[in-house]
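Asks: next comes the sequence, and after it the predicted model I'd like to discuss.
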Amino acid sequence: MIEMSGIRGNSSRVASSVLLILVLVLASSRGAWCVGEDEYSKSGDPKVLPLVTSLIYNQILDLTSKFNKEISQTLGFCTRNVDADLNGAFKFANNLEFLSNCVKENKDVTKRICTAAEMKFYFMSFMDSKADAAAQFLKPNRNCNLTSWVPGCEPGWACSVPDDKQVDLKNANDFPDRVYHSEPCCPGFFCPKGLTCMIPCPLGSYCPHSQLNKATGICEPYEYQLPPGQTNHTCGGADVWAGVSGSAEIFCSAGSYCPTTTHKIQCTKGHYCRQGSTEQRACFKLSTCDPNSETQNLHAYGFLLIGALSLVLIVFYNCSDQILTTRYQRMAKSRERAIKSARETAQARERWKIAKEAAKKGALGLQKQLSRTFSRKSDDPSLPPKVQDEHKSFNVASGGKHTKKPMPPKAKQLHTKSQIFKYAYGQLEKEKAMEMKQQNLSFSGIISMAADTDLKARPTIELSFKDLTITLKNKHKHLMRRVTGKIEAGRISAVMGPSGAGKTTFLSAVTGKIRGCNITGSILINGKPDSIHSYKKIVGFVPQDDIVHGNLTVEENLRFSARCRLSEDMLKADKVLVVERVIESLGLQAVRDSLVGTVEKRGISGGQRKRVNVGLEMVMEPSLLILDEPTSGLDSSSSNLLIKALKREALEGVSICMVVHQPSYALYKKFDDLILLAKGGLTVYHGPVKKVEEYFESFGITVPDRVNPPDHYIDLLEGIVKPSAVGLTVEQLPVRWMLHNGYPVPPDMLHYCDEIAAASKGVSTSNQAAPALAPELSSVGSELKDNQEHTQFHLFNAQDLSNRNTPGVIRQYRYFLGRNSKQRLREAQIQAADYFILLLAGACLGSLGKVKGDTFGYYGYMYTVIAVCK
């Protein structure tokens, strides 16, 4: 208890002492605030000065909270915390020397400092978009207007209130009557033109007294001049606070730092100071900074960076080809082992099949012999029972009794490249064996093919078109006219005709790729008026021009197309199988690892390049394949190899249509259907190849001996060869086809009907043939009118009906990055040169960092960058 009472006594004494000190401080501060300036100027007591300075500073610091809401509304997009920024800009607590000096110079400092209303008025004018960038011209106010303009309204000067009045600095609504005792602005403050009060300069600025430059009449370091006609007026303090672009002279200059707004110190060696710095910053290691430096000298880091990048470029230049070569060598060895294993397995299967057939023949012969021997003793009960005909339960496909067909390894279980290659080449050998069975057409082969569940059929697309007419917009020129026909699934249709017949236009129309034309007629897909774009994921189009990447190998081009266009849920092993099947069917095994080639770097031959171009569409496993002159530039063997590969695609139900120029007779016979077009896009024949000669012979056109039929027909349509039949002209051929199939004839071509009738029945009976055609021609006009009004807008409507989920954008972008990295690795020399140029450009642009922005300018930087980049 005694100890507790002692503690309480000490606490009471401490509390009373603190209370006494606070009373004295408040009393002295109250006196200093009310009459401190006059009393200080009279007594000159330095003990009162720190207290007066501190109280004035607290009043100034509290003023910023009066208009931070307006600043947030105006500059909220670039200022995260207005209070923190304002407090940081006016935090002079570490050094109030400029305020103490102002108290010493002016006896009424508090009457000269701007109130909250005046500060708000200035800063709102400063942030007004209509105001001047430097905010030098303010709106008229109570103290400075057209009728009242005291010297304190001039830039760098301030006024006071009457001696018998006080100023409430926290007043945010009214201006005080401040037009008395005009004096220059104190150092550390700025006095804008149009206001008669002082505002503290923010940290980072330098606001000393200005000096008059008699040569220019400007108050330096500021840019205002003395008012004309006032000889007693002198230069004052700072006059404006604005951005660097509007008024850079009030900021602490580069190469120096300003701990206060009235002192400027040059940066020492090893330090740098940017414009508006309040302290100097130490330079990084390995960098140099001379005295009065604005930036660091980072040349050492630049040399290190250039050296490191150069080393990387050297390694990249020397090792890029080696990386790809090593990788492809490993893949080639794995592929060779897989091919060898697949062939050995196929040979062993073939040997086992031969042995099985021999065993079956021997078993059948022994059975017949035993049946003849025991048939005579069938009544003998001592003999064993009759032998069952066991070959009835013998499995024809495998040769074993009730044995299951050995299944290949599932693709889901394959992970390594060797396993994937073994699976792919095993399937290819199996497909070869099936093709041999199909060629032999044996009963066992047909049964095996019918029972094979591994064969998968693609979704079929049967494309039919009726009265297809294409006309140029804003013109009446027909590119195609009244074309009717069908592209059937599982058949190869060849489109032929002379130049200007619209062969490529026809392919572009049926695939929905034509633009700038009016299309009339009807196009049906599987009997429905769907858009061809709805099936774009299973429609392949091979253009005339090559679209392969020259800096990729043949296999890489095909693999990239397969990855991006095959189904996303398709296993990797199956995709590899598709690519390998296309490479083998197109005869590209020898050049699979060769670059396709570019203009600068030679690669594979032109024929091989054309086959790769076709392979890009074959690897997507299309249901409709359109080819524009795929055999152009190919020799006879390459063309036959290509048609053989397309035949294999047709066996899987693919609809194939291709434009062909001057095919050989052997190649011509491999087509299933022929679409023969005349000039102007008119159909001359559309049907099976086997019946084309019979059709033309029906009205007197025969193919001479030792002449290729398609060449003869094209020469006939071109006008090089004249028809041998009497009264037959080339212009009549499209009309004959229309009449042959019962199609309507356009009105402007009806006169050809009269010529045909006259040629077939003679001139004397021509008048009798015309009435017979009249009912048909009457219906032609109405049907033609209806078809012309029916425009195929559905061609360009997109609705996915292909039932194939291709990889998404992210996965395709990943494939693109992989492809791009390979291309860059193969272009090491070009890449090294490009990066070396970039290094030089970076060095040139980096040297501009030493140039000051105010002297070099924004446009100087911009045009220099453009010059370097060019």
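Replies: Received, thanks.

Asks: check contacts around Arg458.
Replies: 538, 621-623, 652-654 (Cβ atoms under 8 Å, 6 or more residues apart in numbering). All C-beta spots, glycine's among them, are computed from the backbone N, C-alpha and C.

Asks: give the PyMOL command for selecting the buried subset of the residues you listed.
Replies: A single PyMOL command selects the buried members of the contacts of Arg458 (16 or more other Cβ atoms under 10 Å):
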select buried, resi 538+621+622+623+653+654
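
Asks: so which of the contacts of Arg458 comes closest to Arg819?
Replies: Lowest distance from Arg819 to the contacts of Arg458 (Cβ to Cβ) belongs to Glu621, with 20.6 Å.

Asks: still on that earlier bit, keep only those of the contacts of Arg458 that are in strands.
Replies: Secondary structure from DSSP state E places none of the contacts of Arg458 in strands.

Asks: which members of the contacts of Arg458 are the farthest-apart pair?
Replies: Ile538 and Glu652 (12.2 Å).

Asks: about what we covered before: so which of the contacts of Arg458 is the closest to Phe121?
Replies: Using Cβ to Cβ, the contacts of Arg458 come closest to Phe121 at Ile538, 73.3 Å.

Asks: I'd say that closest one and Pro622 touch.
Replies: Yes. In this structure Ile538 lies within contact range of Pro622 using Cβ atoms under 8 Å: 5.4 Å.

Asks: what is the burial count for Leu571?
Replies: 15 (other Cβ atoms under 10 Å).

Asks: next, give phi and psi for Ala843.
Replies: phi -70, psi -40 (degrees, to the nearest 10).

Asks: I figured it hits Leu309, correct?
Replies: No. Taking contacts as Cβ under 8 Å, Ala843 lies outside contact range of Leu309: 11.5 Å.

Asks: excluding sequence neighbours, find me the nearest residue to Cys564.
Replies: Spatially, and ignoring its direct neighbours in sequence, Cys564 is nearest to Gln812 (5.4 Å; Cβ to Cβ, 6 or more residues apart in numbering).

Asks: same question for Ile532.
Replies: Nearest one to Ile532, counting by Cβ to Cβ, 6+ apart, is Gly512 at 4.3 Å.

Asks: how near is the one you found to Ser531?
Replies: Applying Cβ to Cβ, to the nearest Å, the value for Gly512 to Ser531 is 7 Å.

Asks: likewise Lys353?
Replies: 50 Å.

Asks: and the two? which has more neighbours close in?
Replies: More crowded of Lys353 and Ser531, by other Cβ under 10 Å: Ser531, with 19 against 14.

Asks: confidence score at the more buried one?
Replies: You'll see Ser531 listed with a pLDDT of 86.

Asks: so it sits against Gln799, correct?
Replies: Yes. If you go by Cβ under 8 Å, Ser531 and Gln799 touch, sitting 6.7 Å apart.

Asks: separation between Gln266 and Glu220?
Replies: Taking Cβ to Cβ, one finds Gln266 at 19 Å from Glu220.

Asks: can you check Leu577 too?
Replies: Using Cβ to Cβ, Leu577 is found at 85 Å from Glu220.

Asks: and for Pro744?
Replies: 96 Å.

Asks: more neighbours: which of these two?
Replies: Using other Cβ under 10 Å as the criterion, Pro744 and Glu220 rank with Pro744 on top: 18 against 12.

Asks: which SS class is the more buried one?
Replies: What DSSP: H, G, I helix; E, B strand; the rest coil gives for Pro744 is coil.

Asks: contacts for stretch 691-704, please.
Replies: Stretch 691-704 is contacted from outside by 674, 676, 685, 687, 709, 712-713, 716, 723-726, 728, 736, 740, using Cβ under 8 Å, 6+ apart.

Asks: mind giving me the PyMOL select for those residues, buried ones only?
Replies: To isolate the buried subset of the contacts of stretch 691-704 in PyMOL, counting by 16+ other Cβ under 10 Å, use the following:
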select buried, resi 674+676+685+687+709+712+713+716+723+728+736
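
Asks: which one of the contacts of stretch 691-704 is nearest Ile470?
Replies: Once Cβ to Cβ is applied, the member of the contacts of stretch 691-704 that ends up nearest Ile470 is Leu676, at 17.8 Å.

Asks: all helices of the stretch 251-400 of the chain, in order?
Replies: 299-375 (DSSP state H, counting those that start in this stretch).

Asks: pLDDT below threshold where in it?
Replies: Scanning the stretch 251-400 of the chain for pLDDT under 70 picks out the ranges 320-324, 328, 333, 338, 342, 346-347, 349, 351, 356, 362-400.

Asks: if you set the cut-off to 90 instead, what comes out?
Replies: Within the stretch 251-400 of the chain, the stretches with pLDDT under 90 are 251-255, 258-264, 270, 274-279, 284-290, 292-400.

Asks: what do you get for the stretch 51-200 of the chain?
Replies: 51-143, 145-156, 160-184, 186-196, 198-200.

Asks: do you have the helices of it handy? List them.
Replies: 68-75, 82-89, 97-105, 116-127.

Asks: C-alpha coordinates for the third one, CSV please?
Replies: Spelled out, that is helix 97-105. The C-alpha trace of helix 97-105 is given here as CSV (Å, rounded to 0.1, in the frame of the first residue of the first chain):
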residue,chain,number,x,y,z
GLU,A,97,13.8,28.0,-42.2
PHE,A,98,12.0,29.7,-45.2
LEU,A,99,9.0,30.3,-43.0
SER,A,100,11.1,31.7,-40.2
ASN,A,101,12.9,34.1,-42.6
CYS,A,102,9.5,35.2,-43.9
VAL,A,103,8.4,36.0,-40.3
LYS,A,104,11.6,38.0,-39.8
GLU,A,105,11.1,40.0,-43.1
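
Asks: what does it contact?
Replies: By Cβ under 8 Å, 6+ apart, the residues outside helix 97-105 that reach it are 37, 40, 49-50, 52-53, 56-57, 92, 109, 186-189, 260-263.

Asks: among those residues, name the buried ones.
Replies: Counted by 16+ other Cβ under 10 Å, those give 37, 40, 49, 52-53, 56-57, 92, 109, 186-189, 260-263 as buried.

Asks: quick one: which of these sit in strands?
Replies: Among these, the members falling in strands (DSSP E) are 189, 260, 263.

Asks: A helix includes the residue nearest to Cys564, no?
Replies: Yes. Secondary structure of Gln812, determined by three-state DSSP: located in a helix.

Asks: check it and give its pLDDT.
Replies: 91.

Asks: do Leu677 as well
Replies: pLDDT, read off for Leu677, is 92.

Asks: burial check on it, number of neighbours?
Replies: Leu677: 26 neighbours (other Cβ under 10 Å).

Asks: please apply the same query to Glu568.
Replies: 11.

Asks: and what of the one 5 residues further on?
Replies: One way to gauge burial is a neighbour count; for Ala573, by other Cβ under 10 Å, it gives 22.
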